[in-house]
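Chemist: requesting a structural model of the entry that follows:
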Amino acid sequence: MGTVSLVLIVDDIDAPGGVFDHWIVFDLPVVSEIKSGQEGGVSGRNSFGKTGYGGPCPHQGEHRYYFRIFALDMKLGLPAGSARDAVEKAMRDHVLERADLAV
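Modeler: Model (predicted):
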């Protein structure tokens, strides 16, 4: 079976309180090109307590941000606003491939 959906998690591993999630989006469609303004997927709850993307705003020091993308063999079907732990639990045993980018 091939890739059915994608999951994207963007986090800051240098936040004072531990890993801080800036963006969690799941059930992204598999596309060969992402066009400007294109939307899709379902937003999970970030560490700001909201859905959608929350930009970086470090209080001090240098921070590293990780973009993690996962190719899954299924859609998760979770509700919008699902927490990271629920997303990670649902995708367990369904990850076909993953890639990480640190900036």
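
Chemist: hey, let's count contacts and neighbours off CA atoms from now on
Modeler: Fine.

Chemist: in this structure, where is pLDDT below threshold?
Modeler: The chain contains residues with pLDDT under 70 at 58.

Chemist: which residues of the protein fall in strands?
Modeler: Using DSSP state E, the strands of the chain run over 5-12, 20-28, 42-43, 65-72, 95-102.

Chemist: what lines up beside the second one in the sheet?
Modeler: Think strand 20-28. Strand pairing for strand 20-28, using DSSP bridges, gives strand 5-12 (antiparallel), strand 42-43 (antiparallel).

Chemist: using JSON lines, lay out the strands of the chain together with distance to residue 53.
Modeler: Below are those laid out as JSON lines (distance: least, CA to CA, whole Å):
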{"stretch": "strand 5-12", "distance to residue 53": "9"}
{"stretch": "strand 20-28", "distance to residue 53": "5"}
{"stretch": "strand 42-43", "distance to residue 53": "8"}
{"stretch": "strand 65-72", "distance to residue 53": "12"}
{"stretch": "strand 95-102", "distance to residue 53": "17"}
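
Chemist: what's the most buried one of those strands?
Modeler: Across the strands of the chain, averaging neighbours per residue (mean count of other CA atoms under 10 Å) puts strand 20-28 on top, at a mean of 24.

Chemist: got the angle between it and strand 65-72?
Modeler: Here strand 20-28 runs at an angle of 20 degrees relative to strand 65-72 (axes from the mean of the first three to the mean of the last three CA atoms, to 10 degrees).

Chemist: identify all contacting residues around strand 20-28.
Modeler: If you take CA atoms under 8 Å, 6 or more residues apart in numbering as the criterion, strand 20-28 is touched by 5-13, 40-48, 51-56, 75-77, 84, 87.

Chemist: gap between the closest residue to residue 2 other than its chain neighbours and residue 50?
Modeler: Nearest in space to residue 2, with sequence neighbours left out and distances taken as CA to CA, 6 or more residues apart in numbering, is residue 73 at 6.1 Å. Residue 73 sits 27 Å away from residue 50 when distances are taken as CA to CA, to the nearest Å.
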